[in-house]
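> Return atomic coordinates for the entry below.
(chains A, B and C)
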Amino acid sequence: MTLPIAIHWFQKDLRVSDNPAFWESTHTGRAMGMFILDESASHRLLGGASRYWLYHSLRSLEQSLLALNVPLIVKRGSAAAIIPQICKKYPVAFVTTNRRFELSSIATENAIARHCDLRRHNGNLLHDPHTLRTGAGKPYQVYTPFWRSLTHAGDPPPPIAKPHAQKGDADIKNIARLESEDFDDWNLLPQKTNWASKFDSYWSKGEAAAQKKLAAFLNTAMADYHDGRNRPDLPSTSQLSPHLRWGEISPRQIWHATMAACAAQGRNHRQGGAEVFLKEICWREFSYHLLANFPDLPVKNLRPQFDDFPWQDRADFLSAWQRGQTGYPIVDAGMRQLWQTGWMHNRVRMIAASFLIKHLQIDWRRGEEWFWDCLVDADSASNAASWQWVAGSGADAAPYFRIFNPILQGEKFDPNGDYVRRFVPELVKLPKMAIHQPWTLPPMILAEHGVILGQNYPHPIVDHDFARKRALAAYQTITSKE
DNA sequence: TGAAATGTTGGGGCG
DNA sequence: ACGCCCCAACATTTC
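Here you go, the predicted structure:
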């Protein structure tokens, strides 16, 4: 008996193992993989760093599928148009995909489902974001009860294996050859200036690399993760975020591998590094829970009173922040790490975001947009939820008056200044007692260490004490109106 | 997953 | 020896 032709539509699941939708297509059909770069108007365009990652991830996926004898069709255009067209043109029985939760993606999937047998799976989250509910039957808006209910629900489903290699089928190979474009033609990599020149040395892309990175983390950094995760100067985080973003690895794989590692190491997974690590994985889950239930999350304040916040429209300040020229070393190091590597340590993301919002009084959406463009892990759920969290405009947000002091944060979490020196080379000779506040040294001493403020490193663009008081005053203007 | 301001306490210097 | 003051250290409150 010949199985029907099936398409697995890869979206944010560029992997072959623990991929429930892909599994279905290969086990109940003759499967073709499909990836569509959808740049139609309703979809947010990928940022530059994301396009870089996508290129390499597709390369890797292509190889994995080749080994499984599954052809891959890549196309550019509107998925809502392309998939029904292909289904009409060829005898495609059904289409599988792992559902997304962005508003535009939901609309696209629904449109396709009207024309094809679209079978949607929950392949990228631990649980369905619509099933976890508070006692009152509402979505969670506070992280801790969300975490409690998630852990109370028990372990997520165990990951499923990758499919066996397929028989190899002339029909679908033919279709793929006729239909597929070559993503080399898509200009996914930088064209004019190669700003991603350093990315290659920082990142291995693809499913195998993700698994390797997870294993390395579980065997080394996880033990110290509780405190280590806050140290941008140390290699103490998993750096799995871009792999998760593209679905090269699934949270269920991470969850169960962490449990297994704890068992093998004789550790308790309910405490120490493992629990904190799983909590971070669940922050991503929480972000998706928020996005699924409050689809405006990426563009609208969850707390509407923030709609009246007196944001400053200062292109010069925004640009200084983007280029890592604020005069606050920990902020500048973070922003330059972002530019050079496509990634920023999470502690520093909070500091840099707080600085943009609170010190410079710039709308969090400007920061969200910059991160969207620069991060290899830019994800509509995590990025938006985290920016709203820092701004205080989100559901379970940090109170607005929680204003990070970039000097204290630097001294606390980069105690020797090594992180600053790595990314702000003009400060490399400064002693650690001054590296987070170079302006406190007399100009003579600074010059001896190769620093001339205003020439090779900026003066602080705002005074911390002034900025803090101004931020609190601005916050008053929206709270007093209620 | 803050920081600053304000309040409290207790040891020690000193008249 | 005693009371007073100063202030570091810690705790609590406030933004």
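
> For residue A:146, give its distance to DNA strand B.
11 Å (Cβ to the nearest atom of the strand, to the nearest Å). For every residue, glycine as well, the C-beta is placed using N, CA and C.

> for residue A:32, same thing?
For residue A:32, the distance to DNA strand B equals 39 Å [Cβ to the nearest atom of the strand].

> Confirm for me that that residue is in contact with residue A:169.
No. Here residue A:32 lies out of contact with residue A:169, judged by Cβ atoms under 8 Å, at a distance of 9.1 Å.

> between those two, which one's more packed in?
Set residue A:32 next to residue A:169 and count neighbours by other Cβ atoms under 10 Å: residue A:32 wins out with 29 against 18.

> Just confirm the more buried one is within a helix.
No. Residue A:32: not assigned to a helix; according to DSSP: H, G, I helix; E, B strand; the rest coil it is strand.

> Can you tell me the closest non-neighbouring residue to the most centrally placed residue in chain A?
The centroid of chain A falls nearest to residue A:377 when counting by Cα atoms, centre = their mean (3.5 Å). Using Cβ to Cβ, 6 or more residues apart in numbering and skipping the chain neighbours, the partner closest in space to residue A:377 is residue A:241 (3.6 Å).

> any residues touching stretch A:58-67, and which ones?
Applying Cβ atoms under 8 Å, 6 or more residues apart in numbering, the external contacts of stretch A:58-67 come out as A:10, A:14-16, A:33, A:35, A:71-72, A:74, A:165, A:183, A:205-209, A:248.

> So which of those residues sit within strands?
Using DSSP state E, A:10, A:33, A:35, A:72, A:74 are the members of the contacts of stretch A:58-67 that sit in strands.

> Out of those residues, which comes closest to residue A:223?
Distance to residue A:223, by Cβ to Cβ, is smallest for residue A:10 among the ones in strands among the contacts of stretch A:58-67, at 35.0 Å.

> measure the closest one to DNA strand C for me?
46 Å.

> quick one, what contacts that residue?
A:22, A:33-35, A:61, A:97.

> switch to 6 Å and redo it
Contact analysis of residue A:10 by Cβ atoms under 6 Å, 6 or more residues apart in numbering lists A:33, A:35.

> With residue A:254 instead?
So residue A:254 contacts residue A:281 (Cβ under 6 Å, 6+ apart).

> secondary structure element for it?
Per DSSP states H and E, residue A:254 falls inside helix A:251-265.

> who in the stretch 251-400 of chain A is up against DNA strand C?
residue A:399 (Cβ under 7 Å from any atom of the strand).

> where in the stretch 251-400 of chain A is pLDDT low?
Across the stretch 251-400 of chain A, nothing is flagged by pLDDT under 70.

> Flag every residue of it that's near DNA strand B.
Counting by Cβ under 7 Å from any atom of the strand, the residues of the stretch 251-400 of chain A that sit close to DNA strand B are A:280, A:283, A:346-347, A:350, A:398.

> Who wins on neighbours among the residues you listed?
Highest neighbour count within those: residue A:347, with 21 neighbours (other Cβ under 10 Å).

> hang on, that one packs against residue A:230?
Yes. Contact criterion Cβ atoms under 6 Å: residue A:347 and residue A:230 qualify, at 4.9 Å.

> Now the common contact residues for the two.
residue A:413.

> before we move on, the earlier item: distance to residue A:28 for the residues of the stretch 251-400 of chain A next to DNA strand B - can I get that in TSV?
Listed next are these as TSV, based on distance: Cβ to Cβ, whole Å:
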residue	distance to residue A:28
A:280	36
A:283	35
A:346	41
A:347	46
A:350	45
A:398	47
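
> Now render those residues as TSV, adding distance to residue A:339 and secondary structure.
As requested, those are exported to TSV (distance: Cβ to Cβ, whole Å; DSSP: H, G, I helix; E, B strand; the rest coil):
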residue	distance to residue A:339	secondary structure
A:280	24	helix
A:283	24	helix
A:346	17	helix
A:347	18	helix
A:350	18	helix
A:398	25	coil
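
> Could you tell me which residues make contact with residue A:55?
So residue A:55 contacts A:188-189 (Cβ under 6 Å, 6+ apart).

> Burial check on residue A:16, number of neighbours?
When neighbours are counted by other Cβ under 10 Å, residue A:16 registers 22.

> Quick check: it touching residue A:162?
Yes. The pair residue A:16 and residue A:162 passes the contact test of Cβ under 6 Å, sitting 4.5 Å apart.

> Now do the helices in the stretch 251-400 of chain A.
A:251-265, A:272-293, A:315-323, A:329-341, A:346-354, A:364-374, A:380-391 (DSSP state H, counting those that start in this stretch).

> What angle do helix A:380-391 and the longest one make with each other?
Relative orientation of helix A:272-293 with respect to helix A:380-391: 100 degrees, computed using axes from the mean of the first three to the mean of the last three Cα atoms, to 10 degrees.

> other SSEs contacting helix A:272-293?
helix A:143-152, helix A:225-228, helix A:251-265, helix A:380-391 (3 or more Cβ pairs under 6 Å, 6 or more residues apart in numbering; DSSP states H and E).

> tell me which residues of that helix are tucked away?
A:272-275, A:277-293 (16 or more other Cβ atoms under 10 Å).

> got the residues of the stretch 1-150 of chain A near DNA strand B?
residue A:143.

> what's the residue of the stretch 1-150 of chain A found nearest DNA strand B in contact with, if anything?
Residue nearest to DNA strand B within the stretch 1-150 of chain A: residue A:143 (5.6 Å; Cβ to the nearest atom of the strand). By Cβ under 6 Å, 6+ apart, the contact set of residue A:143 is A:286, A:396.

> out of the helices of the stretch 251-400 of chain A, nearest to residue A:309?
Of these, nearest to residue A:309 by Cβ to Cβ is helix A:380-391, at 8.5 Å.

> what angle separates that closest one from helix A:364-374?
Going by the same axes, to 10 degrees, helix A:380-391 makes 140 degrees with helix A:364-374.
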